[in-house]
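**Q** take a look and give me a structure for this.
(one chain, ligands or ions: 1)
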Amino acid sequence: MDRIPRITGLIAGFSLLLNALSVAAQDLPADLIRGKALYRNHCATCHGQTGRGDGPAAASLRVAPADFHRFRSFLKSDEELLRIIEHGIVFSPMHAWSDNLTEGQMTDILAYIRLLSLESN
Ligand code: HEC
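**A** Have a look, this model is predicted:
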């Protein structure tokens, strides 16, 4: 007879657990928090807050900033993208960052770019 309350208790416990998990998923891991701050400071003027290549400086550039949501960027390996961030692209507003950012900072930014590219906004 006391099986039903036990099952309801189990369900309540389970939904509490699910809630806890989804809250945890909203908190970004440390590298992404660092990457986000760096991205907003250094990259968003051109690449835009959501990585669509539509930052405030984009309109005045001859070469459009990369839209990280595009498949072309998505398909590039981490190494390829890191190389571009480190060394820049010749004759492009995308300059080298290796003088201003450490290896770890660039890796954190890359992690954040990958996260942005998966978001649907
Ligand atoms: C002054 C504007 C500007 C700023 C600031 C800027 N970028 Fe760029 N970025 C560009 C442009 C323009 C391109 C496209 C270059 C091309 O296609 O020749 C680009 C391309 C890239 C690419 C290559 C993407 C691909 O799919 O090939 C990466 C990665 C990138 N930027 C990362 C960054 C990061 C990280 C920062 C900040 C640390 C940053 N950019 C800051 C303008 C900028």
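**Q** on the pLDDT front, check the closest residue to Asp67 other than its chain neighbours for me.
**A** The spatial neighbour of Asp67 that comes closest, neighbours along the chain excluded (C-beta to C-beta, 6 or more residues apart in numbering), is Gly53 at 3.8 Å. Quick note: C-beta positions are derived from backbone N, CA and C, even for glycine. The predicted local distance difference test score for Gly53 is 97.
**Q** which residues does Gly53 contact?
**A** If a contact means C-beta atoms under 8 Å, 6 or more residues apart in numbering, then Gly53 has 46-47, 64-68 as its contacts.
**Q** what parts of the protein come near the ligand?
**A** Proximity of the chain to the ligand (C-beta under 6 Å from any ligand atom) is limited to residues 42-43, 45-47, 57, 61, 63, 65-66, 72-73, 76, 81, 84-85, 89, 92-94, 97, 109.
**Q** try it again at 5 Å.
**A** Along the chain, the residues adjacent to the ligand under the rule C-beta under 5 Å from any ligand atom are 42-43, 46, 63, 65-66, 73, 81, 84-85, 89, 92-94, 97, 109.
**Q** just the buried ones from those residues, in ChimeraX syntax?
**A** To isolate the buried ones among those in ChimeraX, judged by 16 or more other C-beta atoms under 10 Å, type:
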select :42,43,46,65,66,73,81,84,85,94,97,109
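**Q** so which two of the residues of the chain next to the ligand are the farthest from each other?
**A** For the residues of the chain next to the ligand, the maximum inter-member distance is 19.9 Å, found between Val63 and Ile109 (C-beta to C-beta).
**Q** low-confidence stretches in the chain?
**A** Applying pLDDT under 70 to the predicted model, the residue ranges of the chain that meet it are 1-26, 121.
**Q** for it, which segments count as helices?
**A** With DSSP state H applied, the chain shows helices at 3-26, 30-42, 44-47, 71-75, 78-87, 103-118, listed in chain order.
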